[in-house]
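> got a sequence here, can you model it:
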Amino acid sequence: MSLASIVIVGAGQAGYQVAASLRQEGHTGRIVLIGDEPGLPYQRPPLSKAYLLGKIADTALLFRPADFFATQNIELIHDQATAIDRINRRVLLASGEALSYDHLVLATGAHNRPLAVPGAQLEGVFGIKTKLHADTLAPLVHAARDVVVVGAGFIGLEFAAVAAALGANVHVLELGDRPMARAVSREMSEVFRKAHEGWGVHFDFRQGLASIESDNGKVCAVITSDGRRLPADLVVFGIGVIANVQIASEAGLHIENGIKVDAHLLTSDPQISALGDVACFPCLHNDQQPIRLESVQNAVDQARCIAARLMGKPAAYEALPWFWTDQGALKLQIAGLSTGYDSSVIVGSPETSQLSVLCFRNDQLIAVESCNRPGDHMAARKILARAPQLTAAQAAAPGFELKAWEVANRP
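Next up is the predicted model:
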């Protein structure tokens, strides 16, 4: 099949990387990248951290400057894809234009799970997903006195650290019993809880939000699930995301916790691939169980996998998942997936916030969480990328160092 025209829906990390990787792999045909935001494609992770603090300019967010898209002959279209005509292989746009494709790539991402309480639409209530959100929020957080954060996941805690650093009173409401409960071990949760509390952040665990009160259309307070009233001139929520599957679902593609794809990232239509936050794929590092991962690493590696396949070099997607979050003085880096771990070993010092938590399942290392120990993280990625032989007993031995073990046990 000749791939004269490849159309990519979604100009975030995943979509941009597919376009760039196709050119790197030698594709000479047409590449169309459709994004529904104005401007050039940009990175999202800094939005809740450095960009919000004003430490980096908006130009530093860009993946590449405008001349890259021109010289690489990547057509960037600012529009909304509204439908897929699979029979005639066309993507329909809100403007009325129809784009023909030989292969279609869906990188439609995800949107913030909405805050479903009375008052959620008030001025001063935000989720952070786009540059526009961050641009609107930045001056408000610098002026805020009382901030309520709903959700103690990565985004919520990154913002909480920023708000606390700027001098606000920060109150975090979390339905779970600890910070980042779905992503990290109890040991690492405790390190981050103590650090945030040291910065002045107050946590309310097992606590939800009942409603948001207004004063002339602006947020002035929140009511917790147990009936308490907390003052708030700014409310930021991070309660998860929902995959953007509508266009795929309406086209009849298989949907299962996202757009379902096979090990080669193909959908139920062999002329359509999907990747990134929207794709649910069989994961080698999750016992081949289907999973949807929201990370830069996953988007980039899946994009390269798809580009290589489209250029005649097919391979199953088997990249090791890894993640990171920056919160105040803490940098957490995670290699692997700790789901279902049954034992752990701590290396380093929780007291100084320089530690790694090694997570084991059935005495097999499945994930390593490293706080302010970047060397451990890099060693963990190398260990987990091959069949790991490290046991919990070895890791618990006096004087054990992850980096030294990795070097000594290279194939």
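
> flag the shaky bits of this protein, pLDDT-wise.
1-2, 388 (pLDDT under 70).

> where along it do the helices fall?
Ranges of helices within the chain are 13-24, 66-71, 131-143, 154-165, 186-198, 246-250, 296-310, 374-385, 392-395, 402-408, based on DSSP state H.

> mind listing what's buried along the fourth one?
For helix 154-165, the neighbour count (16 or more other Cβ atoms under 10 Å) marks Phe154, Ile155, Gly156, Leu157, Glu158, Phe159, Ala160, Ala161, Val162, Ala163, Ala164 as buried. (Glycine included, C-beta is placed from N, CA and C.)

> and the angle from it to helix 186-198?
Here the directions of helix 154-165 and helix 186-198 differ by 30 degrees (axes from the mean of the first three to the mean of the last three Cα atoms, to 10 degrees).

> and the angle from helix 154-165 to helix 131-143?
30 degrees.

> strands along the stretch 1-150 of the chain, start to end?
All strands of the stretch 1-150 of the chain, identified by DSSP state E, counting those that start in this stretch, fall at 5-9, 30-35, 74-78, 81-85, 90-93, 98-100, 103-106, 110-112, 125-127, 146-150.

> right, I mislabeled it, should have said the stretch 301-411 of the chain
Under DSSP E, counting those that start in this stretch, the stretch 301-411 of the chain gives strands at 322-327, 330-336, 343-349, 354-361, 364-371.

> now swap in the stretch 151-300 of the chain and tell me
169-174, 202-205, 209-215, 218-224, 229-231, 234-237, 241-243, 259-260, 272-274, 279-282, 290-291.

> which one of the strands of the stretch 301-411 of the chain lies nearest to Arg304?
Evaluated over the strands of the stretch 301-411 of the chain, closeness to Arg304 peaks at strand 322-327, with 15.0 Å, by Cβ to Cβ.

> and that closest one, how far out from the chain's middle?
9 Å (Cα atoms, centre = their mean, to the nearest Å).

> list the strands paired with that strand, with their directions.
Strand 322-327 sits in its sheet next to strand 330-336 (antiparallel), going by DSSP bridges.

> identify all contacting residues around the partner strand.
Applying Cβ atoms under 8 Å, 6 or more residues apart in numbering, the contact partners of strand 330-336 are 183-184, 188, 191-192, 195, 285, 320-326, 353, 359, 365-372, 374, 377, 380-381, 384.

> one more time with 6 Å, if that's ok
195, 322-325, 353, 366-372, 377, 380-381, 384 (Cβ atoms under 6 Å, 6 or more residues apart in numbering).

> list phi and psi for Pro41.
phi -60, psi 140 (degrees, to the nearest 10).

> about what we covered before: with distance to Gly208 added, can I get the strands of the stretch 1-150 of the chain in a markdown table?
A markdown table is the format used below for these (distance: least, Cβ to Cβ, whole Å):
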| stretch | distance to Gly208 |
| --- | --- |
| strand 5-9 | 35 |
| strand 30-35 | 35 |
| strand 74-78 | 38 |
| strand 81-85 | 35 |
| strand 90-93 | 40 |
| strand 98-100 | 44 |
| strand 103-106 | 34 |
| strand 110-112 | 17 |
| strand 125-127 | 15 |
| strand 146-150 | 8 |
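
> much appreciated, bye for now.
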